[in-house]
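S.K.: Here is the input, now give the coordinates:
(chains A and B)
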Amino acid sequence: MKHYQFREKELELMPRSELEALQLARLKTTLARALKTDFYRQRLLPLGIDSPEAIHSLADLQRIPFTTKEDLRIAFLYGLLAVPLDETVRLHASSGTTGTPTVIYHTKHDIAAWTDLVARSLTAAGCTKRDVFQNMMTYGLFTGGLGLHYGAEELGMLVIPAGPGNTIRQFKLMKDFKTTVVHATPSYMLHLYDKLGEVDVHRSDLHLRKAIVGGEPHSEDIRQKIEALWGIEVYNCYGLSEMNGPGVAFECSERSSPHLWEDSYIIEIIDPHTLEPLPPGETGELVLTTLRREATPLLRYRTRDLTSILPDPCPCGRTHRRISRIKGRTDDMLIINGVNVFPSQIEEVLMRMKEVGNNYQIVVEKSGSLDKLTVKTEVTPELFSDDARDLNAIRDKIRENLKASISISPVVELHEPGILPAWEGKAKRVIDIREKSV
Amino acid sequence: MIIKQISIFLENVAGRLAEVTKLLAKHEINIRAMTIADTADFGILRIVVDQPEKALKALRDGGFTAKTTEVLAVEVEDKPGGLARVMEIFQQTHVNIEYLYVSLEKNKDKAVVIFKVEDLKLGQKIVEEHGLGGTVSF
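M.R.: All right, here's what the predicted structure looks like:
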């Protein structure tokens, strides 16, 4: 029989009926908190929702309007703050490079609850206090670094706050301190592997056994590629700063899609166009309601992430439902000559082809009045042929496989490894240089 | 005789070829023959050098995508009709040629031409039978 680790066993295995009762109680508390904010008072009072008593069941949640990213901008600076400013101990904010930033405040309790969720998540992934945890995620306003950091400490792991980048130092830390678990973006895990051969560190010098990956959508093939290259287990971590950050959903040792912690969030999946709820199994936009946050409660927040609720229970026994791998974002879907294309579809095709390296780039531009899609890929040194005909055949094969998947025939370019933008931090994989004015 | 040619995948960006030649110069590797096959967006540089193993390692360490291929070095008389004679022999013996280019080598009055043939063993046999092999310094 398989051994599963639990940190809050009773809560993680709680029967659905009890879990839903807990959700309803917490939803009422959350609504009471939300009604203290200027933003939600303006929005909910005209609808007759003026106290937690307006909600009698989880189904009543449908009466509450959605909250969007744009709403968070409108509510900047204190519009969504539900506690006196003195009660807050930390904030995380979006960089606001594209306009007004968004901000999420946390009380001491909020940070503790988030920390517990991350510790619970890491335990589910088989981490223990004996592990040495090297955190390669960005620290700062971005939630990826600090979120996992505190949870790992809470669990009792030895935490190395390495931060991202500086590959040589990462290897040195991994080797010296016998790092067993790392947290990084999937693209950085691939980048690190590529660099193994270039520095005087070998895989056998390292004690790595697990990687927690998050921060960017990636395909199952990427996970399997990282697992095979490194010979480790790779766990998918989902989170977004509006919902605290990492630890919203996390994979257990089954590694078959992350459990979304339903004692802390209410999950809905909606059709992003009609806004109608979708049943389990169908792909749509993930909508989340915070159930434990004091400082910045959010009701029916549209995450813009596309996923589905897995209808089947997980063998581990957790009753918190799993969501499928994020298929993309409602706002990174490319419409190319009228056809919907997700960058993740292109990635999946490329990762299945052994002729192609780890890096790629997607460029969309105008060619006359039509859209032109170019997919830039790398030729692996192992499969480089002296014969231009072989290389052209590889290119044709990539184009045909892509066409079969996305029903558009792209221009495929072959490049030398290392020429496409390096994989430090979040990779810029899609470049859309069409006129945005239309 | 059979010699090792090095093929390098070349990104179609300014200065990439210069980086190859600079790297070879740094490692004191002498180029004895070269040719480039180019397509719209990439090229394949083929070179014959005096120290192929060293050159391949230097190129790979330098981040280039490179590999070695076996080719034939064939002596051709440096006078009108010299190449025609060799080509006729290959034609009659069904040695199919993929590409060829000339080297800087010269043995007495004979030029050395690099042939990439479809069937290397057959090519080598024909070259030996017709006394076209000769010796080269690489």
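S.K.: Taking chain B, what residue is nearest to chain A?
M.R.: B:Ser7 (3.9 Å; C-beta to the nearest C-beta). Heads up, the C-betas are built off the backbone N, CA and C, glycines and all.
S.K.: Are we agreed that that residue is in a helix?
M.R.: No - using DSSP: H, G, I helix; E, B strand; the rest coil, the assignment for B:Ser7 is strand, not a helix.
S.K.: The closest residue to it other than its chain neighbours - how many residues pack around it?
M.R.: Leaving aside its chain neighbours, B:Ser7 sits nearest to A:Asp386 (3.9 Å; criterion: C-beta to C-beta, 6 or more residues apart in numbering or on different chains). Look at A:Asp386: counted by other C-beta atoms under 10 Å in any protein chain shown, it has 22 neighbours.
S.K.: Sticking with A:Asp386, tell me its helix or strand.
M.R.: Using DSSP states H and E, A:Asp386 is not contained in any helix or strand.
S.K.: Return the residues in contact with the nearest residue to A:Pro15 once chain neighbours are set aside.
M.R.: Sequence neighbours aside, A:Thr319 is the residue nearest to A:Pro15 in space, at 6.5 Å (criterion: C-beta to C-beta, 6+ apart). A:Thr319 makes contacts with A:Glu12, A:Leu13, A:Met14, A:Pro15, A:Arg16, A:Leu19, A:Glu262, A:Pro313, as judged by C-beta atoms under 8 Å, 6 or more residues apart in numbering or on different chains.
S.K.: One more: A:Gln42?
M.R.: With contacts defined as C-beta under 8 Å, 6+ apart, A:Gln42 has no neighbours.
S.K.: Just checking the distance from the one helix or strand it maps to to the centre of its chain.
M.R.: Following DSSP H and E, one finds A:Gln42 within helix A:38-44. Centre-to-centre, helix A:38-44 and its host chain are 29 Å apart (C-alpha atoms, centre = their mean, to the nearest Å).
S.K.: got it, and stretch A:125-135?
M.R.: Worked out by C-alpha atoms, centre = their mean, stretch A:125-135 lies 20 Å from the chain centre.
S.K.: what does chain B put close to chain A?
M.R.: Within reach of chain A by C-beta under 8 Å from any C-beta of the partner chain, chain B has these residues: B:5, B:7, B:9-11, B:13, B:37, B:39, B:41-42, B:44, B:46, B:60, B:63-67, B:69, B:98, B:116.
S.K.: re earlier: if the residue of chain B closest to chain A is in a bridge, with which residues?
M.R.: Beta-bridge pairing for B:Ser7 (DSSP bridges): B:Arg46, B:Lys67.
S.K.: So it versus A:Ala32, what's the distance?
M.R.: 71 Å (C-beta to C-beta, to the nearest Å).
S.K.: of the two, who's got more company?
M.R.: For B:Ser7 and A:Ala32, the more surrounded residue by other C-beta under 10 Å is B:Ser7, and the numbers stand at 21 against 15.
S.K.: which residues does the more buried one contact?
M.R.: A:Phe384, A:Asp386, B:Ile44, B:Leu45, B:Arg46, B:Ala66, B:Lys67, B:Thr68, B:Thr69.
S.K.: Same list, the residues you listed, but as CSV with distance to A:Met136 and pLDDT please.
M.R.: Compiled in CSV, the contacts of B:Ser7 are given as follows (distance: C-beta to C-beta, whole Å; pLDDT from 0 to 100):
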residue, distance to A:Met136, pLDDT
A:Phe384, 30, 87
A:Asp386, 38, 86
B:Ile44, 37, 93
B:Leu45, 37, 95
B:Arg46, 41, 96
B:Ala66, 31, 94
B:Lys67, 33, 92
B:Thr68, 37, 93
B:Thr69, 40, 93
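S.K.: Got the phi and psi for the closest residue to A:Leu206 other than its chain neighbours?
M.R.: Nearest residue to A:Leu206, sequence neighbours excluded (C-beta to C-beta, 6+ apart): A:Met174, at 5.2 Å. With angles defined as degrees, to the nearest 10, A:Met174 sits at phi -60, psi -40.
S.K.: so A:Met174 touches A:His202, yeah?
M.R.: No - A:Met174 is beyond contact range of A:His202, at 11.5 Å (criterion: C-beta atoms under 8 Å).
S.K.: rewinding a little: for PyMOL, what selects the buried ones among the contacts of B:Ser7?
M.R.: A single PyMOL command selects the buried members of those (16 or more other C-beta atoms under 10 Å in any protein chain shown):
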select buried, (chain A and resi 384+386) or (chain B and resi 44+45+46+66+67)
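S.K.: Just give me the closest of the contacts of B:Ser7 to B:Gly81.
M.R.: Relative to B:Gly81, the closest of those is B:Arg46; by C-beta to C-beta it sits at 26.6 Å.
S.K.: Of all the residues in the worst-scoring helix or strand of chain B on mean pLDDT, which ones are buried?
M.R.: Across the helices and strands of chain B, mean pLDDT, DSSP states H and E gives its lowest value to strand B:97-107, namely a mean of 89. The neighbour-count check on strand B:97-107 (16+ other C-beta under 10 Å) flags B:Leu100, B:Tyr101, B:Ser103, B:Glu105 as buried.
S.K.: same deal with stretch A:80-98?
M.R.: By neighbour count on 16+ other C-beta under 10 Å, the buried set for stretch A:80-98 is A:Leu80, A:Leu81, A:Ala82, A:Val83, A:Glu87, A:Thr88, A:His92, A:Ala93, A:Ser94.
S.K.: From the chain's centroid, how far away is it?
M.R.: Taking mean C-alpha positions (C-alpha atoms, centre = their mean), stretch A:80-98 and its chain are 21 Å apart.
S.K.: again with stretch B:127-136
M.R.: Distance, centroid of stretch B:127-136 to centroid of chain: 16 Å (C-alpha atoms, centre = their mean).
S.K.: List the contacts of B:Val86.
M.R.: Contacts of B:Val86 by C-beta under 8 Å, 6+ apart are B:Val74, B:Val76, B:Val113, B:Leu132.
S.K.: Mind putting those into a markdown table with pLDDT, neighbour count and secondary structure?
M.R.: What follows is the contacts of B:Val86, written out as a markdown table (pLDDT from 0 to 100; neighbours: other C-beta atoms under 10 Å in any protein chain shown; DSSP: H, G, I helix; E, B strand; the rest coil):
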| residue | pLDDT | neighbour count | secondary structure |
| --- | --- | --- | --- |
| B:Val74 | 93 | 28 | strand |
| B:Val76 | 92 | 20 | strand |
| B:Val113 | 93 | 20 | strand |
| B:Leu132 | 85 | 22 | coil |
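S.K.: in the chain, which ranges drop under the pLDDT threshold?
M.R.: If you meant another chain, say so; for now it's chain A. Low-confidence segments of chain A (pLDDT under 70): A:1, A:95-99, A:422-427, A:435-438.
S.K.: Chain B was what I was after
M.R.: Those would be B:134-138, if you go by pLDDT under 70 across chain B.
S.K.: how about the helices in it?
M.R.: All helices of chain B, identified by DSSP state H, fall at B:16-26, B:52-61, B:82-92, B:120-129.
S.K.: Also the stretch 101-250 of chain A?
M.R.: Applying DSSP state H, counting those that start in this stretch to the stretch 101-250 of chain A gives helices spanning A:108-124, A:143-155, A:167-176, A:186-196, A:220-230.
S.K.: ok, now the stretch 251-400 of chain A?
M.R.: A:343-352, A:388-406.
S.K.: Ok, which of these comes nearest chain B?
M.R.: Closest of those to chain B is helix A:388-406, at 5.3 Å (criterion: C-beta to the nearest C-beta).
S.K.: Up against chain B, what does chain A have?
M.R.: Taking C-beta under 8 Å from any C-beta as the criterion, chain A approaches chain B at residues A:379, A:381, A:384, A:386-388, A:391-392, A:413-419.
S.K.: residues in contact with whatever residue of the stretch 251-400 of chain A ends up closest to chain B?
M.R.: Closest residue of the stretch 251-400 of chain A to chain B, C-beta to the nearest C-beta: A:Asp386 (3.9 Å). Neighbour list for A:Asp386: B:Gln5, B:Ser7, B:Ile44, B:Arg46, B:Lys67, B:Thr69, B:Lys116 [criterion: C-beta under 8 Å, 6+ apart].
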